[in-house]
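S.K.: Here you go, sequence then predicted model.
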Amino acid sequence: MANVRKATAATKGEAAASLERHLGLAIREQRLKNHLTIADVANLADISRGMLSRIENGQTSTSLDSLSRIAGALGVSISSLFRGFDAPVGGAQLVKSGEGMEVVRRGTKQGHTYHLLAYGQGPKKHFEPFLISMDDESETFPTFEHPGIEFIYMLEGGIEYRHGQHTYELAPGDALTFRGEVPHGPERLLKLPIRFLSVIYYPDASTDE
């Protein structure tokens, strides 16, 4: 039990230190944004320069009264200084223009490229976004079938796209959504070059074809 109390106390201490650092950084950021010196804010908030410096460096905690006066000196609300504290860290994946992984899909030939725009999602992928480019009018296309839902958004050119027994003419700005297990694929290239986004969503997180 004593060890549990010590661990709890340590955790609370770490959280308090983290909050002090967050508030210090938020205060400094607002001060610099407003082109104010430590002396300017200290005078407006009626606290010592040394105290404000320690607060900004996360070396000491401050009362709500002092924090209110600091916020007033900075022209912001107290709540704005807490914004972002304890928020999830996140981990977005950025793929810069032209850096998408080029992949080869069954039956595709020269003049038809797939660039995968997100990858490394683990053994079971929930979606696959592709940028597809076509610039060879003589190319013939295979029929695709896969699990999940596919969404196509046209960026450039024109294409006639088949899904099952129906065909659809797509121009820039058009979108087409369909079930992937129904045979589908390009039928005719109407205007080159062609570029479109294709996003395949796997509801059951499986990519087995």
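M.R.: Good, I have the coordinates.

S.K.: residues touching Tyr201, list them.
M.R.: His126, Phe127, Gly148, Ile149, Glu150, Phe151 (Cβ atoms under 8 Å, 6 or more residues apart in numbering). Any C-beta I mention is one placed from the backbone N, CA and C, and that applies to glycine too.

S.K.: Can you verify my assumption that the second one contacts Pro203?
M.R.: No. In this structure, Phe127 is not within contact of Pro203 by Cβ atoms under 8 Å, at 9.9 Å.

S.K.: More neighbours: which of the two?
M.R.: Phe127 (16 against 10; other Cβ atoms under 10 Å).

S.K.: middle-most residue in this protein, spatially?
M.R.: Ala92 (4.4 Å; Cα atoms, centre = their mean).

S.K.: any idea which helix or strand carries Gln30?
M.R.: In the assignment (DSSP states H and E), Gln30 maps to helix 2-33.

S.K.: Let me fix that, I meant to ask about Met154.
M.R.: strand 149-163.

S.K.: Buried residues in that strand, which are they?
M.R.: Residues Ile149, Glu150, Ile152, Met154, Gly157, Gly158, Ile159, Tyr161, Arg162, His163 are the ones in strand 149-163 that count as buried (16 or more other Cβ atoms under 10 Å).

S.K.: Note down every partner strand of it and its orientation.
M.R.: strand 166-170 (antiparallel), strand 175-179 (antiparallel), strand 184-201 (antiparallel) (DSSP bridges).
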